[in-house]
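In: Sequence first, then the predicted structure, then my questions.
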Amino acid sequence: MLRQSGTFRENQELVDRVMDSMDLERERGITIMAKNTSFRYRNVKINVVDTPGHADFGGEVERSLNLVDGALLLVDASEGPLPQTRFVLKKALQKKLPIIVVVNKIDRHDARIETVINEIYDLFIDLDADEEQIDFPILYTNAKTAVAHTAIGDGSENLQPLFDTILERIPGPEANDDFVPQLLVTNLGYDPYVGQIAVGRLSSGTLEMNKTYSMCGLRDIVHGLKFTACYTFQGLQKIKADRLVAGDIIAVAGVDGVQIGDTISSDADPRPLPRIRVDEPTVSMICLVNNSPFAGREGTYLTSLHIGDRLRREVLSNVSMKIRDIGRTDAWEVCGRGELQMAILVETMRREGYEFMVSKPRVITKVENGRTLEPVETVFLDIPEERIGVITENLSIRKGRMISMQNHGHGRVNMSFLIPSRGLIGFNSLFLTETKGAGIMNSLFEGYEEWFGPIPQRRNGAMVADRAGRVTPYASLGMTDRGELIVEVGTDVYAGMIVGERNRPDDLVINIAREKKLTNIRSSTAELTVVLRAPRLLSLDQSIEFIAEDELVEVTPKSVRLRKMELDAGKRATARSKLKMELLEKPARPREAANTVNG
C-alpha cells in the first residue's frame, strides 16, 4: 500500500514487515505494539493503524480503535478466521465500525476461499453483528504480488480496488475545525530534544504552536500548556507542522505528565473526552529484586529504584497493565492479560540491561455475592487425529470441558475447550510435547466463572544444586537416570539453583559439581566412549512455564536461571514438614466427612 500510493520510491529498499519495528516483533513474527502510518490516494490522506492480533495485547487494540473510522479484517485464504480474529472483530463491532473483509494469500495451493467466506459470515453472526455490518465488501488479495481483486480473475494488477473500496465504504471523520480542540491521548513517546510526546486523534478544533492549552487528567485539569513541537504523520515519519487540523492522527511534544486517556483541550473552555476503557487484567506475577549469590554480575540496573521506575514507565504507555504494591520495597505485583504479555515485558527489560526475578504467573480472582470467580478461556486446538485422547485427558485434568470437535477427514481435528485460565498456565510446553510439535493452540478470554477447585501443575519435581560450583561431566553422567538436565556442562551454579527436571514428583537435592576422584591406576581411553545426553535448554517463556509456586526465574541480560525461593535445603525441608503436619491436623469439613461415611 505504501509503495503503490507513492509513499516510497519504486527502487527504494525496504525491510520485510516494515511496520514491525521492534526486534522482538521481527524475531517472533507477531505484532506487539500498535503503530500508525499514512499515505495519500486521490488527494485524500488515509491513516492506517496496524494492531496486534493476539488477545494478550488487547489493550493495544482497544486504544487504537479510538483512532479509526473503519477496519480491514485480514483473513488467510487457507486458515480462515482464527481466535485472534474473533477478539479483534468483536471489539470493532462494538465500536460500530464498518468492516472491509480482505481474503489474503489466494495463491496458496490449499486455499479454500468459499469455505473461508462462509466461516467469516458465521463469525459475524456469532458476534451479533447487525444487518448493516454483515453487508461487508469482500476483496481478494495476494500480498506478495501486491494485487487486489473485487472478484477472482477480474484482471486487476495492483491494489487500486482496495484503495477505492476504502474511500467508498469507510466514511471520513466528522470533525469541525471551528469547535473547541479535543485531542484524546492514545499513545506516548519520548524524545530527548522535545520531551514527552503524546499521540492521538484530534477529534475537533485545531492545535497550533505558541498557543496555550489545557490537559484534562483523571483527577484535575492543568492549564497553561505550550507545545515544544507539533507533528503529523507521513508514511513512517513524523513531519513537523505549525498547525494541526481536526480528524487527523497527530502528535504533540512538551506535555509533561500526560497519560494515556487524558484530553488536551482549550485553555479557556476545557472539554474532556471519555477516557479509554480497557478490559481488566486476568494474570499477575511478582517481580523482585535479584538476591541470588550471582546478583550484580551481569546486569546494569539492579536496585529497587531502577526496577520500580521501569515498571511504572511501562504502565504509562501500556493501558492493559497495572502495578500493585504488595507492602515490600523490593517486590511488585505486575498484572496483565496473559503469559505472553508478561514474557514480552520481561524479555524487553532484560534486553535493556535490567536484572531481576519473577515468580510463576497466577490468575486474578474476584468475589461477587460471596462466590470466588476466576477467569476462563476458550482454547482452540488444531491437532493430529491420533493425539485426541492424550490431549483430551490432559485438558480434563486441568478442568477443561470440551465444547466442540470437528474432523475434516484429512488427518487433523479441530477441538475447542472451555478451561480456567489457571489450567493453561504452563500447558503450552506439555501441549507441544504431546503433539510432537504438530499441534496449534490459540486461546480467547471468555469471562469469569465460579472457582473450579485445585488444578495440578507440573507433574515432576526439580533437581536442585546443593552447593556452589561448576557443572561437571562426571556429575551430569550420574544424573542420567534421575531426570533431564537443563544446564550445560561448565555452567556456574549455586546452592538452591534448579539444574534439571526429575523423573519423579518430589524434588531431589544433588551435587552437580562433583568431580571424579583420580587414582594412580587409570586407563587413558576408559571415558572416550561416554556420551552425555544433551541438556534441555529452556527459553525465557519456557522457564516461566516450568517453575512451580515455590520457584523463581532469575533474569539477567546474559542468562536465565531457575532457582528455589528459599535457597537453603534445610529450611525448605522444615517448611515442607510443617505444611504436612498442618494438613494432617486440620479437621475435615462436615460435608467431606459425610461423603466419606456415605462412601
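Out: The structure has been received and is ready for your questions.
In: Give the helix, strand or coil label for E333.
Out: With DSSP: H, G, I helix; E, B strand; the rest coil as the basis, E333 sits in strand.
In: Let me know the pLDDT of the residue lying closest to it once chain neighbours are set aside.
Out: Spatial nearest neighbour of E333, excluding adjacent residues (C-beta to C-beta, 6 or more residues apart in numbering): R324 at 4.2 Å. In short, each C-beta sits where N, CA and C put it, glycine included. Per-residue pLDDT puts R324 at 89.
In: what about R324, which helix or strand?
Out: When elements are assigned from DSSP states H and E, R324 belongs to strand 322-325.
In: For that strand, what is the distance to the chain centroid?
Out: Put simply, strand 322-325 sits 18 Å off its chain's centre (C-alpha atoms, centre = their mean, to the nearest Å).
In: go on, stretch 24-39?
Out: Distance of stretch 24-39 from its chain centroid, counting by C-alpha atoms, centre = their mean, is 13 Å.
In: And stretch 266-281, by the same measure?
Out: Remark: stretch 266-281 is offset 26 Å from the chain centroid, using C-alpha atoms, centre = their mean.
In: I figured I106 hits Y140, correct?
Out: Yes. Contact criterion C-beta atoms under 8 Å: I106 and Y140 qualify, at 5.0 Å.
In: Who has more neighbours out of these two?
Out: Neighbour count, other C-beta atoms under 10 Å: between I106 and Y140, Y140 has more, with 24 against 19.
In: what about the residue lying closest to that one once chain neighbours are set aside, neighbour count?
Out: Nearest non-adjacent residue to Y140, counting by C-beta to C-beta, 6+ apart: H149, 4.5 Å away. Residues lying near H149 (other C-beta under 10 Å) number 19.
In: do V390 as well
Out: There are 14 residues near V390, going by other C-beta under 10 Å.
In: if I've got this straight, it is in a helix?
Out: Yes. According to three-state DSSP, V390 belongs to a helix.
In: show me what contacts the residue nearest to E333?
Out: Neighbouring residues of R324 by C-beta atoms under 8 Å, 6 or more residues apart in numbering: 284, 332-333, 335.
In: ok, A253 - contacts?
Out: 191, 194-198, 227-231.
In: Which of the residues you listed fall within strands?
Out: 191, 195-198, 229-231 (DSSP state E).
In: re the thing from before, would you mind checking the contacts of A253 for buried ones?
Out: Buried by 16 or more other C-beta atoms under 10 Å: 194, 196-198, 227, 229-231, out of the contacts of A253.
In: Out of the contacts of A253, flag the one nearest to R576.
Out: Distances from R576 to those, taken as C-beta to C-beta, are shortest for Q196 (50.6 Å).
In: So the closest one versus Q182, what's the distance?
Out: 19 Å (C-beta to C-beta, to the nearest Å).
In: Likewise for F163?
Out: Separation of F163 from Q182 (C-beta to C-beta) stands at 29 Å.
In: what does T31 give?
Out: Distance, T31 to Q182, using C-beta to C-beta: 28 Å.
In: ok, and what's touching stretch 135-143?
Out: Residues contacting stretch 135-143 (C-beta under 8 Å, 6+ apart): 73, 77, 98-107, 113, 117, 124, 147-152, 159, 161-162, 165, 169.
In: Buried among these? Need that as a selection in PyMOL.
Out: With 16+ other C-beta under 10 Å as the criterion, this PyMOL line picks the buried residues out of those:
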select buried, resi 73+77+98+99+100+101+102+103+104+105+106+113+117+124+147+148+149+159+161+162+165
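In: Let's see which of the contacts of stretch 135-143 end up in helices.
Out: For the contacts of stretch 135-143, membership in helices holds for 113, 117, 124, 161-162, 165, 169, with DSSP state H as the criterion.
In: As JSON lines, those residues with distance to L373 and pLDDT would be great.
Out: Formatted as JSON lines, the ones in helices among the contacts of stretch 135-143 follow (distance: C-beta to C-beta, whole Å; pLDDT from 0 to 100):
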{"residue": "I113", "distance to L373": "42", "pLDDT": "90"}
{"residue": "I117", "distance to L373": "38", "pLDDT": "92"}
{"residue": "F124", "distance to L373": "30", "pLDDT": "91"}
{"residue": "P161", "distance to L373": "48", "pLDDT": "90"}
{"residue": "L162", "distance to L373": "44", "pLDDT": "91"}
{"residue": "T165", "distance to L373": "44", "pLDDT": "91"}
{"residue": "R169", "distance to L373": "41", "pLDDT": "89"}
